[in-house]
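>>> give the three-dimensional model of this entry:
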Amino acid sequence: MGNSFGDRLRAERLARGLTQAELGGDLYSASYVSLLENGRREPTYDVIQQLAKQLELAPHAVQEWTTPVSEEETSFLLSSLYARQSWDMRDYTSAATHAAQAAELAQTNKDIVSWWNMAYLNASALLKNGEWEAAKTSIGAVLSHPLSQDTPALAVRAEQLFASACLGAGQLTLAAEHASIAVARGTSLAHESGSYISALRTLVGALAESGQLEEAWRYSKILSDLVDDNILPQLAGEIYWVVGNVAFMRHDVEQGLAYHGRAANLLSPANDLALWARFNKATASVRLSAGIVEPDTLEAIERAELAQSVVGANSGDELEVQLIRARWLYLTGEQAQAVEILTGIYALHDSLARHTAGEVALLLGKAKKAIGQTDDALAMLIEAKDHFAAAGASERATLALDNILEIRAARSSA
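Alright, predicted model coming up:
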């Protein structure tokens with residue numbers, strides 16, 4: 001059999017973020033799965049059936065891995081290995097490149113399952129790099145593939161990733177549409193499925209960012225109900241984080257603080273420093289939006305800045321943390337410093353999602369107004385309104401318009 005089966009099994013397991021114990025489930029131990037992956041045991045029909053179930057693949061697709069390794073398959077395995085290693089090292093540019101090469105080799109080999117996984121990894125790496133449109137193009141090909149159409153679990157993953165790319169690009173209506181499809185298709189899966197949970201989280205984020213807060217809260221409660229003793233602590237923390245975001249946005253500060261407190265207790269910087277940085281960025285942002293200018297908020301900002309300096313970040317994430325720092329300065333009366341930071345951010349607004357660019361322009365307009373630069377303030381508020389409108393964030397566009405009208409009314413009365 002060679003080690004084709006073991007290599008493919010390991011690659012598919014890692015693609016889903018499963019441990020060997022999780023892949024084995026209740027039937028097979030982690031040590032047995034390790035023997036399979038190392039080529040020291042050959043799978044029986046029953047083993048293949050169980051593994052296919054855990055990997056959410058058709059049994060015949062897993063059965064095909066037992067065929068001998070060809071030269072072409074060896075090239076694919078090397079490319080896919082480099083792609084996975086680059087991903088694990090957070091070198092998302094290399095991960096995207098190697099995954100694209102592996103996908104092309106898999107297509108040549110007529111291996112549709114491997115093509116799907118590598119194309120999905122390519123899109124995921126592009127997404128991590130903030131290359132929203134490239135990610136949409138890549139995942140769009142995955143989404144239209146027959147394997148996605150015929151396999152509910154794969155369809156959910158593809159729809160969710162496409163929705164995430166749209167969310168990153170600030171296309172909130174499209175993000176909500178595809179996330180809704182992912183959630184609808186995900187109801188046929190086990191509700192503890194990571195794919196279904198990811199789809200719910202993306203839908204909540206898209207609805208909340210577009211101002212549909214009551215609908216976002218409805219799905220948030222569905223999401224929080226999925227947390228039980230069997231769920232991994234980190235995943236539970238991520239769920240509480242998302243639910244807390246929506247609570248803050250609904251101006252329910254008490255629940256927001258409670259959910260984010262639970263998230264902070266479950267998310268550890270020792271386990272995933274990059275995730276810890278994103279959480280602190282998020283909690284600082286929603287706290288400031290709720291007007292919570294307290295030491296705990298400043299600590300969250302400083303933790304996000306520190307963690308980001310250690311693990312690195314794409315330009316969009318760096319600018320978002322700078323935006324949070326500027327918001328802190330604005331709320332603490334340091335408007336001139338806020339203007340300086342915001343001006344630098346807005347010069348690079350093309351690298352931000354449209355709704356995020358709108359937030360920068362809105363805050364910059366308000367800060368300029370506070371220091372008496374009303375002409376510049378008005379220009380920025382108009383740009384904020386246009387960004388929000390383009391993103392589908394109608395309530396934020398209305399807020400920007402209210403600020404515009406306030407300045408114009410003050411000028412008329414003067």
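
>>> just the element for residue 236, please.
Assigned by DSSP states H and E, residue 236 falls within helix 233-249.

>>> now residue 362
Counting by DSSP H and E, residue 362 is part of helix 354-370.

>>> list the helices and strands that helix packs on?
helix 315-331, helix 335-346, helix 374-391, helix 394-413 (3 or more Cβ pairs under 8 Å, 6 or more residues apart in numbering; DSSP states H and E). All C-beta atoms are positioned from the backbone trio N, CA, C, and that covers glycine.

>>> ok, 6 Å please
helix 335-346, helix 374-391 (3 or more Cβ pairs under 6 Å, 6 or more residues apart in numbering; DSSP states H and E).

>>> can you list the neighbours in contact with the first one?
The reference is to helix 335-346. Helix 335-346 has contacts (Cβ atoms under 6 Å, 6 or more residues apart in numbering) with 319, 322-323, 326, 329-330, 360, 364, 367, 370-371.

>>> could you do stretch 389-397 as well?
Residues contacting stretch 389-397 (Cβ under 6 Å, 6+ apart): 170, 172-173, 210-211, 354-355, 385, 388.

>>> ChimeraX command for the buried members of the residues you listed?
Buried residues within the contacts of stretch 389-397, by 16 or more other Cβ atoms under 10 Å, are selected in ChimeraX with:
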select :170,172,210,211,354,355,385,388
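
>>> farthest-apart pair in the contacts of stretch 389-397, please.
173 and 385 (17.0 Å; Cβ to Cβ).

>>> contact partners for residue 147?
Applying Cβ under 6 Å, 6+ apart, we find residue 147 in contact with 112, 116, 154.

>>> sorry, back to before: would you mark the buried spots in the helix holding residue 236?
Neighbour count says helix 233-249 has 235-249 buried, by 16+ other Cβ under 10 Å.

>>> and of these, the nearest to residue 91?
Nearest member of the buried residues of helix 233-249 to residue 91, counting by Cβ to Cβ, is residue 238, at 23.2 Å.

>>> gap between the closest one and residue 45?
Look at residue 238 and residue 45: by Cβ to Cβ, to the nearest Å, they are 37 Å apart.

>>> on that earlier part again, what's next to the helix holding residue 236, contact-wise?
With Cβ under 6 Å, 6+ apart as the test, helix 233-249 has contacts from 201, 204, 208, 213, 216-217, 220, 223-224, 227, 255-256, 259-260, 262-263, 266-267, 279, 286, 290.

>>> again, but for stretch 207-227
Residues from elsewhere that reach stretch 207-227 (Cβ under 6 Å, 6+ apart): 172, 176, 191, 200, 203-204, 236, 239, 243, 246, 249-250, 355, 392-393, 395.

>>> quick check: which of those has the minimum pLDDT.
Minimum pLDDT across the contacts of stretch 207-227 is recorded for residue 191, with 60.

>>> helix or strand for the closest residue in space to residue 55 that isn't next to it in sequence, which one?
Nearest non-adjacent residue to residue 55, counting by Cβ to Cβ, 6 or more residues apart in numbering: residue 12, 5.2 Å away. Residue 12 is part of helix 4-15 when elements are defined by DSSP H and E.

>>> then residue 147?
Judged by DSSP H and E, residue 147 forms part of helix 146-150.

>>> pull the CA atoms of that helix into PDB?
Taking Å, rounded to 0.1, in the frame of the first residue of the first chain, the C-alpha atoms of helix 146-150 are listed here in PDB:
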ATOM      1  CA  PRO A 146     -20.100  19.400  -8.000                       C
ATOM      2  CA  LEU A 147     -18.400  18.000  -4.800                       C
ATOM      3  CA  SER A 148     -19.600  21.100  -2.900                       C
ATOM      4  CA  GLN A 149     -23.100  20.800  -4.400                       C
ATOM      5  CA  ASP A 150     -23.500  17.100  -3.600                       C
END
